[in-house]
Structure formats: structure tokens, C-alpha cells
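Trainee: Take this sequence and fold it.
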Amino acid sequence: MTSAFTDQAAAGARHALAQALTDAGDLTDPDWRRAFEEVPRHVFVPYFYAPSGERVSGDERWFTAVHEDRSLVTHRTDGAATSSSSQPSLMATMLESLAVADGMNVLEIGAGTGYNAALLAHRLGEDRVTTVDIAEEITGPARERLATAGYRPTVITGDGSLGAPDRAPYDRIIVTCGLSTVPPALLQQLTDDGFLLAPLGNALARIHPTGPGTATGRFLPHGAFFMPLRHTPTDGVPPRRPRLPTGPGRPSTLPAEAIADNHFRFLAGIAVPGLTWQYDLSENGQITGARVWHPDGSIARAHPDTTVTEAGPRPLWGLLEEAHRTYLIADRPAPDDYGITISVGEQRVWLSNPAGPGWSLGTWHG
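Mentor: Coordinates of the predicted model:
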């Protein structure tokens, strides 16, 4: 595919993608639509990795995928996916949820390919945008691709949990990697009326500082699946699965197919964070069994006969059963029924109101 053909075809493909996002209701702001129409995603994603691990680049399959509403793995560490170009519909949702205005300064945690920083720079101006990622092997190419596309925001190599204090304060901070707790340094770098938008569990939380070391926020209804925040370049490799539990199973009130309920998956990710999942699927794609484990060595296996076996220091399936009982009693709440309160000693997610059922996320450990 020649450069001229790529540029010509890409312009049409970008317009088609922007129209599809608009039709789906993900893109409603004309300023953000112009950004999606004009920022060339193919420049930022010159290749991606297929689920098989194959590197795809420069052909029709690559070009089509880059202009579809799909996330694309762009970096692997020891064979594991550790960076990606996010699904454009999710990017549009997050960018519109920032509610930016001209003159605002924005910090992005998770530069990735640089595409999201380019969208921000298109909307606000490159001098208003700072983006951080953990490894030079990510930030270096991102910086080069941004320059190729005509954007020069500040790109910093470092631990995103520390933010970028030299350029603070920020009116908005957008986190494009998964968090288990909120880094206090990010809240400290916001303006008094600013806010942080970040994925917690598998949904987005919009969090406003309320004082030194304190903050409060609500979750948005949108699902948000991201690779976890990395503190070092070698972080992000999923933990190896412990040995499967053996012995007779016990009856369970939580069938494996309940995990297909994304609203419950949100609560599961909050109540029992840090889990890795594998599924067994029937011929029609229904979940019939599951394996779930944690880096502490705990593992559970849900069998098709609705029994479960567990091993390790914690009864993972038992913890999920407890969360599921709360979920059913509360009439299957959606993510936007939850909120979060942050204090110096604790970060707590609650249901309905701060006095309602809650789950401690603990304190920040960088």
C-alpha cells in the first residue's frame, strides 16, 4: 500500500469511523469529532499484534483494523500484552467525559502509541498536554509519531503514578491504564476545581479532590477494560496460574455464567481485585466453567455441574459468592450506582451513598 494511497484512504476511513462513533452515541461533541476525523490513527499504530502473537503491519488487514472500533495490542513484554491503542469508542467516551474547555491543562497517564495525546493536542493545543509512560521504548516511538503527525505535546518517561509535578497543576488528569487504588500524587496535582478520570475495576470513576489527601467521586455507566498501571518497564506480565485445585467440589450459589454479567464483573473487580480469569465455553459461546486466580497463590475452579474447588490462602469463589449476594440484594446495580471516597488512610467504594455497603481498596502502594 503506497503512502499516497494510505493517506487518501485513511482520510475516508477516519471520517467513516467518526460517523460510526457519532451514530452509536459515543461521539457527540463537534470539536472531538473533528479531532477523530483529522488525527491519523494509522501513523500511531504502524503495526499491532494479533491474538496469536503475529505482528500485523502494512497490509489491508492492518489498515482495516486500524480504522475499526477495536483495541489493538501494540507492545508485548515477555510475550504478554503490556500496551495497546484503546478502542476508539472508549477513547471518545473518556475524552468527552473530561468536559474540557479552551485553556485547560491536561495530564495523561499512559501515553501508549501517542494517539490519545494527539487527540488532546488537536482539541486543546500541544502546549496544554502532558503525557507519561513508563518505558522509553514506548515514549520514544510515541514522541516520534506525534511529531510526524504535527503534534509536540510534552512526553515524559516515568512512573505515571507520580504524575508530572513540574508541569502541574492540571485542570484534568486522564488515566488510560487500570488502577486498583488512586495514586495520591495525582490528586495533589489537580487544580481546586479539577478532576481525575480513571478506570477502577472495569468502569470509569470521575474523582474530585476535596482537601489535602481527600477526594470523592462517582462512577460512570461505561465499561472500561485497561491494562494495569506499570511502575517499572518489566511490570504488567500476568501472574502464572497456580496448580489447579483437586479433590471433591462443593456446591456453589454462583454459577460460572454469572461472570458474563458486566455489572457484576464491576463489583467483582472492586470486591476481589487483581484476579485473572479463564473460561470454558460451550459451542454456542455460553460460559460453562471458569478458573480464577490471584498473585497471592489463591485459585478457584468453577465446574459445569455448578460445584467449585478452591486452593491457596483465600477462598476466592467464596469471596465472589459474598459479593454476588450483595449484588442480588441490591437489585443488580450498574457501575453508576457506586461512588468512591478517599481519605489519607483509606480508599473506599460504596453502593448508593457513602453510608451504604462498601469495599475498602486499602491505601495506595506505589
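Trainee: Return the helix or strand in this structure with minimum mean pLDDT.
Mentor: Taking mean pLDDT, DSSP states H and E as the measure, the helix or strand of the chain with the lowest value is strand 80-85, at a mean of 73.
Trainee: Mind jotting down where the helices sit in the chain?
Mentor: 3-23, 30-38, 41-44, 60-66, 88-97, 115-124, 136-148, 184-188, 262-271, 316-329 (DSSP state H).
Trainee: so which of those helices comes closest to H222?
Mentor: Nearest of those to H222, taken as CB to CB: helix 88-97 at 5.1 Å. All C-beta spots, glycine's among them, are computed from the backbone N, C-alpha and C.
Trainee: Give me the contact list for the closest one.
Mentor: Identification of contacts with helix 88-97 by CB atoms under 8 Å, 6 or more residues apart in numbering yields 17, 21, 24, 26-29, 32, 35-36, 41, 69, 71, 115-116, 119-120, 123, 174, 176, 197, 204, 206, 220, 222, 224.
Trainee: what about it, distance to the chain center?
Mentor: 12 Å (CA atoms, centre = their mean, to the nearest Å).
Trainee: Wait, T214 touches I342, no?
Mentor: Yes: here T214 reaches I342: they are 6.0 Å apart, a contact under CB atoms under 8 Å.
Trainee: Which one's more surrounded, the two?
Mentor: I342 (24 against 14; other CB atoms under 10 Å).
Trainee: what's the burial count for the nearest residue to that one once chain neighbours are set aside?
Mentor: Closest residue to I342 apart from its sequence neighbours, by CB to CB, 6 or more residues apart in numbering: A215 at 4.2 Å. A215 is flanked by 21 other residues according to other CB under 10 Å.
Trainee: What of P255?
Mentor: In terms of burial, P255 registers 19 neighbours under the definition other CB under 10 Å.
Trainee: Next: T246.
Mentor: 9.
Trainee: Might one say that it is in contact with T309?
Mentor: Yes: here T246 reaches T309: they are 7.0 Å apart, a contact under CB under 8 Å.
Trainee: my guess is V344 meets G211, correct?
Mentor: No: in this structure, V344 sits apart from G211 without contact. The criterion is CB under 8 Å, and the distance is 9.8 Å.
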